[in-house]
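Undergrad: Provide a 3D model corresponding to the input given below.
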Amino acid sequence: MQIPGVHRIGAMTIVAELGVDMSVFPTDRHAAAWAGVSPGNNESAGKRRGRAKRRGNVHLTTALVQAAFAASRKRGCYLKARFWRISVRQGKKRAAVAVAHSILVIAYHMLASGDDYRELGEHYYDQVAKRRTERNLVRRLQALGYNITKTEEHHADDQMISQT
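TA: Got it, this is the predicted structure:
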């Protein structure tokens, strides 16, 4: 019940359908495939075929998708940020299945290791995007002939740019 969006009945459904012994599944991918929330790629020669949801445990999938929709409304949550980023590109139903997959992976690791849930926060993607943007901008400036020297300060990363 530590996972955002998973309430008491959802947690009981996950434990009842998945079990508590994760040695049954070699990896989290096997558990996701068994549950029916595993991502797939049905593409060949540039042609994309239908993306029907994988068959799996109907009761577990239903509980996970309901938890995903509930998590999409929780403030300050990584799963909410993930849901809305995916829903912009692919729609809310596909985003819900993707977040359901994330919830299952989190539950798998929590049950396998016995650790508590660790929230990444809604600004996790902003931190990742900042590093990616910085890398891309440095690469573009170097392609234009600039020499980049990165200097770090206490509070902010400043860069000195000199043209060669």
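Undergrad: domain ranges for the protein?
TA: Split into domains by automatic domain parsing, the chain comes to 8-43+53-113, 124-163.
Undergrad: looking at these, which is buried most?
TA: Comparing the domains of the chain by mean neighbour count (mean count of other Cβ atoms under 10 Å), domain 8-43+53-113 comes out on top with a mean of 17. Using the backbone N, CA and C atoms, a C-beta is placed for each residue, glycine as well.
Undergrad: quick one: residue 129 from residue 80, how far?
TA: Residue 129 sits 16 Å away from residue 80, going by Cβ to Cβ, to the nearest Å.
Undergrad: cool, and residue 60?
TA: 22 Å.
Undergrad: All the helices of the protein, residue numbers only.
TA: 8-18, 28-35, 58-71, 78-90, 92-113, 124-143 (DSSP state H).
Undergrad: need the least confident one among these, by mean pLDDT.
TA: Lowest mean pLDDT within the helices of the chain: helix 124-143, at a mean of 84.
Undergrad: Pipe the domains of the chain into TSV and attach distance to residue 1 per row.
TA: Output for those, formatted as TSV (distance: least, Cβ to Cβ, whole Å):
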stretch	distance to residue 1
domain 8-43+53-113	5
domain 124-163	22
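Undergrad: Can you tell me which of those domains is nearest to residue 2?
TA: Judged by Cβ to Cβ, the one of the domains of the chain that comes nearest to residue 2 is domain 8-43+53-113, at 7.5 Å.
Undergrad: How far away from the center of its chain is the closest one?
TA: 10 Å (Cα atoms, centre = their mean, to the nearest Å).
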